[in-house]
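Enquirer: Just need the structure, nothing else, for what follows:
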Amino acid sequence: MSIIKKLVTQTAIYGISSIFGRFLNYLLVPLYTYYFTAAEYGVVSEFYAYAGFFSVLLLCGFETGYFRFRDKEHPTKDVAYSTALMFVLLINVGFFLLIAAINTRLSAALNYPNHPEYVLCFALILLFDAVSAIPFARLRAENRPFYFAGLQVIGILITIALSVFFIVYCPTAIQQNPQSWVTWVFNPAMGIGYIFIANLAASLFKFLLLTPQLLGLRWGFDRILFGKMFRYALPMVVIGFAGVINEMLDRALLKYLLPFDTLTNLKMLGIYSACYKLSILMSLFIQAFRFAAEPFFFSYADKSDAKKVYADVLNAFVIFCVFIFLLVTLFIDFFKYFVGDEFRVGLEVVPILLLANLCLGIYVNLSIWYKLTDRTVLGAMVSLAGAGLTVTLNILWIPTFGYVGSAWATLVCYASMALVSYLLGQHYYRVAYDVKRMVGYIGLGIGLYFSQQYLLVSFTKQPWILATELLLLYGLLVTLFERPKKAPIEL
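Expert: Residues are numbered from 1 along each chain as shown. From the prediction side, this is the model:
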């Protein structure tokens, strides 16, 4: 249990940036959804969907490749780090130059001919984020979570400050005084573009703070090591790209597959994306867990009790994820105020997306089988199958069920991937997961959620009181199930 406590501690520290910090960023959702229309927010969601695809391609899987080969070939100096960093830097600079050259035509093709700055902003964001990813991976590998978290929080605070400045302060200042100094830095025609500018400034600042880590370039570029890293990382690109398809494709397709005009489609996209944010607590916990767990899984693999620890970790992970599911769904009457009134018609997708993210987290845990056995090609095939399922279901369900079809497609995809990964893992790297117990916790969470829906109709009780009672009931039942079993008394 001490090992799990250590992992929990590191997950909590990473959570300072990815849960606490992103929760601060999450507070921008009300700002965006109260100040912009659903159609405008749909544009923002579309660009972030595209960014998700390119962020995977531009990192080329070398973040995980660095973890795999760090200090294995050169124990006295981190040549794997400098090799990965040089390659990612070269790829991303070339990508930005290409986008800059075709920016006008690309903006027109995306139906934003009057805003080529949107595309340019995102190209720069992708450049700085991808190059920063390798130094951030080094901080994780060296167990420096406080430094990692501090830099991430600084970036988020910059995003928040600039968003409030451009979206709230500047328009108010100009309205009160048309000759205000802010006219030198603020152009009302930019609109949602200031969301992108705030993100770009944060990415640039984090990159500048990481420049001391760039000194690692002095260790040079090892061609032989690069070949090994590339062969290992290439399937990870497929896995990552398939993962982004599963996570982001629905927001890219809604604009084109919904049976309405472009403006209405963007409005539906904005509503779906805003409600997707209400599942952010689950996805942020998974992200924080992944930051801590990935280096942990690799470093602990040689221990005699590794498989038992992996099983205990997944059990604890499911317990906490079900808690998050209940926290958000039982108190949805509170969380709904984080989005504007225009967006609340889509709240029905929130429980579906929370369960989908829970399944994704289970898949992240189960994926150790192909990472530790170097069967990344098989892992890529699972991810590709999931991506194919996502594409198929979205094409079939969006025209009929709208964005609700996208939510169900996400859940079916992640649940299928978790199941297939479990079955393959039992063959190639058998871990004795307590499947019945974990399925029981998930069923308990779903049962408590539906119980609330029934009890609210049958009894006149304040929703928040009932929600608190059900959440406490879950905690009590988990405590009873998880208490250590006493050894039998010998007579």
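Enquirer: use CA for all of it now, contacts and neighbours both
Expert: Fine.
Enquirer: Report the rounded mean pLDDT for the helix or strand residue 270 falls within.
Expert: Mapping residue 270 onto the secondary structure by DSSP states H and E places it in helix 262-276. Looking at helix 262-276 alone, the average pLDDT works out to 87.
Enquirer: ok, and what's touching that helix?
Expert: Outside of helix 262-276, the residues within contact range by C-alpha atoms under 8 Å, 6 or more residues apart in numbering are 29, 33, 37-43, 45, 251, 254-256, 258-259, 339, 342-347, 349-350, 353, 403.
Enquirer: Return the distance of that helix from the chain's centre.
Expert: 19 Å (C-alpha atoms, centre = their mean, to the nearest Å).
Enquirer: swap in stretch 413-422?
Expert: Between the centre of stretch 413-422 and the centre of its host chain there is 18 Å, according to C-alpha atoms, centre = their mean.
Enquirer: residues of it that come out buried?
Expert: Of the residues in stretch 413-422, those scored as buried under the neighbour-count criterion (16 or more other C-alpha atoms under 10 Å) are 413, 414, 415, 416, 417, 418, 420, 421, 422.
Enquirer: tell me the contacts of residue 65?
Expert: 229, 230, 232, 233.
Enquirer: Tell me the one of those nearest residue 242?
Expert: Nearest to residue 242 among these: residue 233, at 14.1 Å, using C-alpha to C-alpha.
Enquirer: Contacts only, for that closest one.
Expert: When contacts are taken as C-alpha under 8 Å, 6+ apart, residue 233 is in contact with 60, 61, 62, 64, 65.
Enquirer: quick one, what contacts the fourth one?
Expert: Residue 64 makes contact with 233, 236 under the criterion C-alpha under 8 Å, 6+ apart.
Enquirer: Likewise for the third one?
Expert: With contacts defined as C-alpha under 8 Å, 6+ apart, the neighbours of residue 62 are 84, 88, 134, 229, 230, 233.
Enquirer: Apply 6 Å and report the result again.
Expert: Residues counted as contacts of residue 62 (C-alpha atoms under 6 Å, 6 or more residues apart in numbering) are residue 233.
Enquirer: Residue 190 versus that one, what's the distance?
Expert: Here the criterion is C-alpha to C-alpha, to the nearest Å. By it, residue 62 lies 36 Å from residue 190.
Enquirer: Can you list the low-confidence ranges for the stretch 251-400 of the chain?
Expert: Applying pLDDT under 70 to the stretch 251-400 of the chain flags residues 291.
Enquirer: same thing but 90
Expert: Within the stretch 251-400 of the chain, the ranges that satisfy pLDDT under 90 run 251-267, 269-270, 273-313, 332-346, 364-387, 390.
Enquirer: Where does the nearest residue to residue 54 once chain neighbours are set aside fall, secondary structure wise?
Expert: Of all residues not flanking residue 54 in the chain, residue 126 sits nearest, at 7.5 Å (C-alpha to C-alpha, 6 or more residues apart in numbering). Assigning secondary structure by DSSP H and E places residue 126 in helix 116-141.
Enquirer: Packing partners of that helix?
Expert: Counting contacts by 3 or more C-alpha pairs under 6 Å, 6 or more residues apart in numbering; DSSP states H and E, helix 116-141 packs against helix 79-101, helix 193-209.
Enquirer: Indicate which one of those is closest to residue 297.
Expert: Using C-alpha to C-alpha as the criterion, the shortest distance between residue 297 and the helices and strands packed on helix 116-141 is 19.1 Å, found for helix 79-101.
Enquirer: Which positions in the following helix or strand past the closest one come out as buried?
Expert: Once helix 79-101 ends, the next helix or strand along the chain (criterion: DSSP H and E) is helix 103-109. Judged by neighbour count using 16+ other C-alpha under 10 Å, the buried positions of helix 103-109 are 103, 104, 106, 107.
Enquirer: thought the last one was touching residue 116?
Expert: Yes - the pair formed by residue 107 and residue 116 meets the contact definition of C-alpha atoms under 6 Å, at 5.3 Å.
Enquirer: Is it possible to mark the buried ones in the contacts of helix 262-276?
Expert: Neighbour counting with 16+ other C-alpha under 10 Å marks 29, 33, 37-43, 45, 251, 254-255, 258, 339, 343-344, 346-347, 349-350, 353, 403 as buried within the contacts of helix 262-276.
Enquirer: Tell me which of those residues fall in helices.
Expert: In this view, the buried ones among the contacts of helix 262-276 that belong to helices under DSSP state H are 29, 33, 38-43, 45, 251, 254-255, 350, 353, 403.
Enquirer: out of the residues you listed, which one sits closest to residue 438?
Expert: Nearest to residue 438 among those is residue 353, at 18.7 Å by C-alpha to C-alpha.
Enquirer: show me the contacts for the closest one.
Expert: Contacts for residue 353 were tallied using C-alpha under 6 Å, 6+ apart; they are residue 407.
Enquirer: again, 8 Å this time
Expert: Residue 353 sits next to 276, 279, 407, 408, 410, 411 when contact means C-alpha under 8 Å, 6+ apart.
Enquirer: Kindly provide the distance from it to residue 68.
Expert: Residue 353 sits 32 Å away from residue 68 when distances are taken as C-alpha to C-alpha.
Enquirer: Likewise for residue 277?
Expert: For residue 277, the distance to residue 68 - C-alpha to C-alpha - is 33 Å.
Enquirer: With residue 179 instead?
Expert: Distance of residue 179 to residue 68, computed by C-alpha to C-alpha: 58 Å.
Enquirer: Look at these two and report which has more neighbours.
Expert: Each of residue 179 and residue 68 had its neighbours counted (other C-alpha atoms under 10 Å), and the higher figure belongs to residue 68 (20 against 11).
Enquirer: mind listing the strands for the stretch 251-400 of the chain?
Expert: Taking DSSP state E, counting those that start in this stretch, the stretch 251-400 of the chain contains no strands at all.
Enquirer: for it, what spans make up the helices?
Expert: Taking DSSP state H, counting those that start in this stretch as the criterion, the stretch 251-400 of the chain carries its helices at 262-276, 280-300, 306-330, 332-335, 350-366, 368-372, 376-401.
Enquirer: what's the closest of these to residue 55?
Expert: Proximity to residue 55 (C-alpha to C-alpha) singles out helix 280-300 among these, at 15.6 Å.
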